[in-house]
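> Quick one: sequence plus predicted model below, questions after.
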Amino acid sequence: MSAICGIYNLIGGKVLEQINSAMMEKLKAYPNDFSGTWEKNQVFLGSVIKYITPESSLEKLPYFQSENGLVINADAIIDNRRELLSLFNIPVTEWCQIPDSRLILLAYIKWGEECPKHLVGDFAFVIWNEKTKEMFCARDHVGKRTFYYYNSTEVFAFCTVMKPLLIIKENPNELNDAWIADFLALQGPIHEVDCNHTIYKNIFQLPPAHTLKINPRGIVIRKYWNPLDVPKLHLKSDEDYEEAFREVFFEAVNCRLHSVGSVGIMLSGGLDSGSIASIAALKLEEEGKRLKAFTSIPISDYKDWLPKTAIADERDYIKAYMEEHRNIDVTYCNCEGLNSVNCIDELIDILEQPYKFVQNSFWLNDIALKAAQSKCTVLLDGQSGNYTISFGNITSYLMTLYRKGKLISALREIRDYSKFYNRTYSSVFKYFLKIVLPDCIKSIYHKINAIDEKNELQVPVNSEYASKWNVNDRLKKVGLGPYLKNNLDIQEVHRFLANSVLFSHAGAIETKLSLKYGIAKRDPTRDKRIIEFCMSLPGEQFVNKGKERSLIRRAMKGILPDKIRLNYTSRGCQSADWIQRLLPDWPNIKRELQYIIKCKTFEKYLDTDKLQKVLNDIGDHPKDDSYECIQMIIISIIFGRFIKLVC
């Protein structure tokens, strides 16, 4: 794992030494085991490396291959090493001597610009061709590593993070108003609508699954992978699907255990991280190693407010893993004294921008820190599991059956679901009618039954600012914000998952936390092979005889403890205490928001009248069920601090 940077002077001439040094100084602030530079004529390349895998200790980047006149600079962990090493006819005795950057270079020599299609893993890399004077750049399929760039008529510069690029950029603190408007208008944790852009004007991102080629004649950006293109898989039996799933899933987990240090995991009581932990524990046990688990739990004086089906403290489920797999060591992280406000300054510095994952921000950061302190170099999680390995909710399946005209099958699933979950058939059937009714009929139904359709989004954006920067058009185009559809069928869920914005959003957070703490955050549920496999499956593998999330429950029998595998009735809620944590700081939060409301700087960005009303409604005693309004307040404070920092 590396942080890389580089400059290409498009009009010729040597790159200024003081700029090179300044960029490298920014990167050297991250934990690293090696740093290197390469410079010739109009090109400068730099890298700092943190050893994660055994092969990474062999990396000497940037690397120049004189035979072909190619220089590679890579931030990469390649997971299909065996496949590539065999394909390139490298003797088995030499496999452990080949670093990942060399594999990428061999892939480029063999396949040219198509080479990223043949790589599996987390990567962003640049290859400079001395002969053609072209620079080729690529970002992995799901954007697990970031790639930012600045491009003018005179210079092209790139980096894993944004701050070094501000050294080169004219007007370094000039912000991107369209990005800010989108950020403030989006409800939920997503930061952006278009992952080509960033909060800084003229600092761009290369989207996931894209390549970039640049020379003095211009720049070409091309998409090389779309998971929606995967053909459907047809097997003979459920058992065949289960076996095929295990084969892909076990490989996705096991290849990510390749580490020079300990392996950690962010562990909850759910199917996703639990399945990863169970597979990892089995593999590590074969090697005489232990798995270090980190579990978020509530503060000691937490007052439970959740329904019985939601569990804030999952320790009973965590104990089931420890009983099943004796090589799992668990650290319970109650993050005493931490909350969503007192970590803001640190996270803005880490992420280089305002952020919106308010509810779990403090414990995600704390677990990454604790993992690093525990000598972990890999920290696993299962963030994308709900859309891949454990996908399967009754709503999406019923919508799919309905739209395919399979009404008998839909009624059969309603019957089976009702029996299994102890619901009345009539209640589930009414729910089915509700979700399949066309919008126009729903509107009439709501009027007849006096149902209020007004559901104002709790977002802080100033509507005039949003209109000026055409936010509505962009949200409509990508189906986010007020255009986010409910009750998606399976095909629509797949299209939603395939959106590069979601991949890029998660990848940016993971990359920067990884860099900060010198670890690699790795998610087997976002492995391209897992995504392709899960998108190839028929819907009945995910919901079977009324049972939700069916495939993973069947496939993990005998591997995942039954207490978790067969838990159909409750779900974990790791941030249930986030508002209670804010109570001691609430007077300060109110004061800070009042300052933002009254400050002229923020008038154009924020709907200060809405924020004042929300603050008045909440008063001195914020309640747990006011989370949307409180989240809007905290996001406004995060944004306010960022603006004060850069302006």
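On my side now, so go ahead. Owing to the predicted nature of the structure, the values given are computational and were not obtained by experimental measurement.
> Now do the helices in the stretch 451-600 of the chain.
463-468, 471-478, 490-497, 500-517, 528-535, 550-555, 562-565, 578-582, 586-598 (DSSP state H, counting those that start in this stretch).
> Take those and lay them out in a markdown table including mean neighbour count and distance to Ser426.
The way it works is simple: take the backbone N, C-alpha and C, and place the C-beta from them, glycine included. Shown next, in a markdown table, are the helices of the stretch 451-600 of the chain (neighbours: other CB atoms under 10 Å; distance: least, CB to CB, whole Å):
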| stretch | mean neighbour count | distance to Ser426 |
| --- | --- | --- |
| helix 463-468 | 15 | 43 |
| helix 471-478 | 16 | 37 |
| helix 490-497 | 18 | 26 |
| helix 500-517 | 23 | 37 |
| helix 528-535 | 23 | 33 |
| helix 550-555 | 22 | 24 |
| helix 562-565 | 19 | 30 |
| helix 578-582 | 21 | 37 |
| helix 586-598 | 16 | 45 |
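> among the ones you listed, which is nearest Trp95?
helix 528-535 (20.7 Å; CB to CB).
> What's the mean pLDDT across the closest one?
Across helix 528-535, pLDDT averages out at 98.
> Phe639: helix or strand, and which one exactly?
Secondary structure from DSSP states H and E places Phe639 in helix 627-646.
> Quick one: residues in contact with that helix.
173, 175, 180, 183-184, 340-341, 344-345, 348, 353-356, 358-359, 458-460, 578-579, 582, 589, 592-593, 595-596, 599, 601-602, 605-606, 611, 614-615, 617-618, 622 (CB atoms under 8 Å, 6 or more residues apart in numbering).
> now do stretch 388-401
245, 249, 270-272, 275, 382, 407, 409-410, 413-414, 417, 432, 435-436, 487-493, 497, 525-526, 530-531, 534, 539-543, 546, 548-552.
> can you do 6 Å?
271-272, 409-410, 417, 432, 487-490, 493, 525, 530-531, 534, 539, 542-543, 548-550, 552 (CB atoms under 6 Å, 6 or more residues apart in numbering).
> Contacts only, for Asn487.
Asn487 neighbours (CB under 6 Å, 6+ apart): 395, 399, 435.
> What's the separation between the first one and Asn422?
What it means is Thr395. Distance of Thr395 to Asn422, given as CB to CB, to the nearest Å: 18 Å.
> If we ignore the residues flanking it in sequence, what's nearest Arg526?
Leaving aside its sequence neighbours, Arg526 sits nearest to Ser384 (CB to CB, 6 or more residues apart in numbering; 4.3 Å).
> can you count the residues close to that neighbour?
24 (other CB atoms under 10 Å).
> picking up where we left off before, show me which of Thr395 and Asn422 is the more surrounded one.
Thr395 (17 against 7).
> in the strand or helix carrying the more buried one, what's buried?
Using DSSP H and E, Thr395 sits in helix 394-403. Going by neighbour count (16 or more other CB atoms under 10 Å), the buried part of helix 394-403 is 394-402.
> which regions of this protein lie under the pLDDT threshold?
Low-confidence segments of the chain (pLDDT under 70): 439-456.
> repeat that with 50
450-455 (pLDDT under 50).
> After the helix holding Thr395, heading C-terminal, what element do we hit next?
helix 407-420.
> how far off helix 394-403 does that next one point, in degrees?
160 degrees (axes from the mean of the first three to the mean of the last three CA atoms, to 10 degrees).
> contacting residues around helix 407-420?
Under CB under 6 Å, 6+ apart, the answer for helix 407-420 is 394, 398, 401-402, 425, 428-429, 432, 545-547.
> can you give me the angle the helix holding Thr395 makes with helix 490-497?
Using the same axes, to 10 degrees: helix 394-403 against helix 490-497 is 120 degrees.
> Just the CA trace of helix 394-403, in PDB.
Only the C-alpha atoms of helix 394-403 are listed here, as PDB (Å, rounded to 0.1, in the frame of the first residue of the first chain):
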ATOM      1  CA  ILE A 394     -38.700  -9.700   0.400                       C
ATOM      2  CA  THR A 395     -39.700  -6.300  -1.000                       C
ATOM      3  CA  SER A 396     -37.200  -6.400  -3.900                       C
ATOM      4  CA  TYR A 397     -38.000 -10.000  -4.700                       C
ATOM      5  CA  LEU A 398     -41.800  -9.400  -4.700                       C
ATOM      6  CA  MET A 399     -41.300  -6.300  -7.000                       C
ATOM      7  CA  THR A 400     -39.200  -8.500  -9.300                       C
ATOM      8  CA  LEU A 401     -41.800 -11.200  -9.500                       C
ATOM      9  CA  TYR A 402     -44.600  -8.700 -10.000                       C
ATOM     10  CA  ARG A 403     -42.700  -6.900 -12.900                       C
END
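> Go ahead and measure how far it is from the middle of the chain.
Helix 394-403 sits 27 Å away from the centroid of its parent chain (CA atoms, centre = their mean, to the nearest Å).
> ditto for stretch 505-512
6 Å.
> Just the CA trace of it, in CSV.
The C-alpha trace of stretch 505-512 is given here as CSV (Å, rounded to 0.1, in the frame of the first residue of the first chain):
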residue,chain,number,x,y,z
HIS,A,505,-17.5,7.5,-1.7
ALA,A,506,-16.6,4.4,0.3
GLY,A,507,-13.1,4.1,-1.2
ALA,A,508,-12.1,7.7,-0.3
ILE,A,509,-13.0,7.2,3.3
GLU,A,510,-11.2,3.9,3.5
THR,A,511,-8.1,5.0,1.7
LYS,A,512,-7.6,8.0,3.9
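> residues in contact with it?
Residues outside stretch 505-512 that contact it (CB under 6 Å, 6+ apart) are 143-146, 190-191, 350-351, 521.
> just to revisit the earlier point, for the residue nearest to Arg526, give me its contacts.
Counting by CB under 6 Å, 6+ apart, Ser384 has contacts 523, 525-526.
> Go through the contacts of stretch 505-512 and flag which are in helices.
If you go by DSSP state H, those have 350-351 in helices.
> Please report how far the nearest residue to Leu184 once chain neighbours are set aside lies from Lys604.
Once flanking residues are discounted, Leu184 sits nearest to Val461: 3.7 Å by CB to CB, 6+ apart. Using CB to CB, we find Val461 at a distance of 10 Å from Lys604.
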